[in-house]
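>>> here is my input, please return the structure:
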Amino acid sequence: MERREYKEEKEMPEFAHGYESTVHKYISDDGEEVVLKKFREKKDIDETKRIARNKEQKLEILSSLNIPYFVQIKDLLFKNGILVGYTMPMVVGKQLDLFSKTEDKLKELHEIRKIMLELNSKGIYIGDYAEHNFFLLDDGTVICLDLDNYRIYSYGVKLDFDTLDLRSISRFNQKCKKDELIDRYCYNAQIICLLGRYDLSKTNFWYMNKLPKGVINSEYNWDTINEMLLLGDNYQGNLLEIKRRN
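Purely as a prediction, here's the structure:
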């Protein structure tokens, strides 16, 4: 990973955007066409600097770990000494949505579960499990995107999520102080939304009265949902069980 100056003339029109960033094609200093995740500026310059420094520290730590299912961070791009974004190689795979094939959803969710448990054991938390933050590859493995928004409570630092008002993160933070269990709650919420075709950004999923039959509709899972509904400091972080189809 290199640190380079951002060059506006090398940036192409955005082809995707999120709450705090836009995504572009970008021509690197080496002449390679890459993907640029560019952060939106805040009105308050001090807030922009604080968030940029938080992201910079996280990307430096996560890149140094050489974790195979993390997207490769190629360059950190700076303008006037402030991190404005970072580049990644083009990733070939499926980016799922609510209406993708159930088989693909199940494959991705199983892989994400394994990744989550491994990262949590290292003091790293994903937080935002929206489907656009992962790529499902042809071999059934998953590549994690959006690394700059992770929480790291290890490696001698305490770096929080930059976006705290996402529905699952916000509700967990309001109701429960067990920081180490936040991923279990957010991952379960994404299972319900992805398999039940509920848009988490628009739906209070905990008011839903039905789960996808034959996949996660079981007594254990209803107990797990009830634990999420009663979210508080007694929360144990039980994970929903999803059945793979043969």
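
>>> CA only for contacts and neighbour counts going forward, please
Fine.

>>> nearest to the spatial middle of this protein, which residue is it?
residue 128 (4.0 Å; C-alpha atoms, centre = their mean).

>>> next, that residue: phi, psi?
phi -100, psi 110 (degrees, to the nearest 10).

>>> what distance do you get for it to residue 150?
8 Å (C-alpha to C-alpha, to the nearest Å).

>>> next one: residue 86
Applying C-alpha to C-alpha to residue 86 and residue 150 gives a distance of 15 Å.

>>> show me the helices in the chain, by range?
Here the chain has its helices, by DSSP state H, at 45-64, 102-121, 167-175, 182-196, 219-229.

>>> run through the protein and note the low-pLDDT ranges.
Scanning the chain with the threshold set as pLDDT under 70 gives 200-213, 244-246.

>>> let's see it at 50
For the chain, applying pLDDT under 50 flags no range at all.

>>> list the contacts of residue 83.
The neighbours of residue 83, taking C-alpha atoms under 8 Å, 6 or more residues apart in numbering as the test, are 52-53, 56, 76-77.

>>> hmm, the residue nearest to the centre of the chain is touching residue 186, no?
Yes: using C-alpha atoms under 8 Å, residue 128 is in contact with residue 186, at 7.2 Å.

>>> near residue 227, how many other residues are there?
17 (other C-alpha atoms under 10 Å).

>>> contact partners for the nearest residue to it once chain neighbours are set aside?
The spatial neighbour of residue 227 that comes closest, neighbours along the chain excluded (C-alpha to C-alpha, 6 or more residues apart in numbering), is residue 235 at 6.6 Å. Residues in contact with residue 235 (C-alpha under 8 Å, 6+ apart) are 176, 178, 227-228.

>>> and what of residue 90?
Per C-alpha under 8 Å, 6+ apart, neighbours of residue 90: 34-35.

>>> and for residue 63?
Contacts of residue 63 by C-alpha under 8 Å, 6+ apart are 1, 72-73.

>>> out of the helices of the chain, flag the one nearest residue 155.
Nearest of those to residue 155, taken as C-alpha to C-alpha: helix 45-64 at 8.0 Å.

>>> mind listing what's buried in the closest one?
For helix 45-64, burial by neighbour count (16 or more other C-alpha atoms under 10 Å) applies to 48-49, 51-52, 54-56, 58-59, 62-63.

>>> any idea what residue 36 is bridged to?
residue 24, residue 87 (DSSP bridges).

>>> could you report the neighbour count for it?
By other C-alpha under 10 Å, neighbour count at residue 36 equals 28.

>>> for residue 5, same thing?
16.

>>> wait, isn't it in contact with residue 82?
No: at 9.7 Å, residue 5 does not count as touching residue 82 under the criterion of C-alpha under 8 Å.

>>> contacting residues for residue 58?
With the criterion set at C-alpha under 8 Å, 6+ apart, residue 58 makes contact with 147-148, 150, 152, 159.

>>> cool, residue 17 as well?
Residue 17 neighbours (C-alpha under 8 Å, 6+ apart): residue 23.

>>> next one: residue 194
Taking C-alpha under 8 Å, 6+ apart, one finds 97-98, 105, 131 in contact with residue 194.

>>> can you tell me how far it is from residue 163?
In terms of C-alpha to C-alpha, residue 194 sits 21 Å off from residue 163.

>>> any idea how far stretch 64-79 is from the chain center?
Chain-centre distance of stretch 64-79: 15 Å, with C-alpha atoms, centre = their mean, to the nearest Å.

>>> sorry, that was for stretch 180-187
12 Å.

>>> restricting to C-alpha, output it in PDB.
Extracted in PDB, the C-alpha atoms of stretch 180-187 (Å, rounded to 0.1, in the frame of the first residue of the first chain):
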ATOM      1  CA  GLU A 180     -17.900  -7.400  21.700                       C
ATOM      2  CA  LEU A 181     -21.400  -8.700  20.600                       C
ATOM      3  CA  ILE A 182     -22.400  -6.000  18.200                       C
ATOM      4  CA  ASP A 183     -21.400  -8.000  15.100                       C
ATOM      5  CA  ARG A 184     -23.600 -10.900  16.100                       C
ATOM      6  CA  TYR A 185     -26.600  -8.600  16.400                       C
ATOM      7  CA  CYS A 186     -25.900  -6.800  13.100                       C
ATOM      8  CA  TYR A 187     -25.200 -10.000  11.200                       C
END
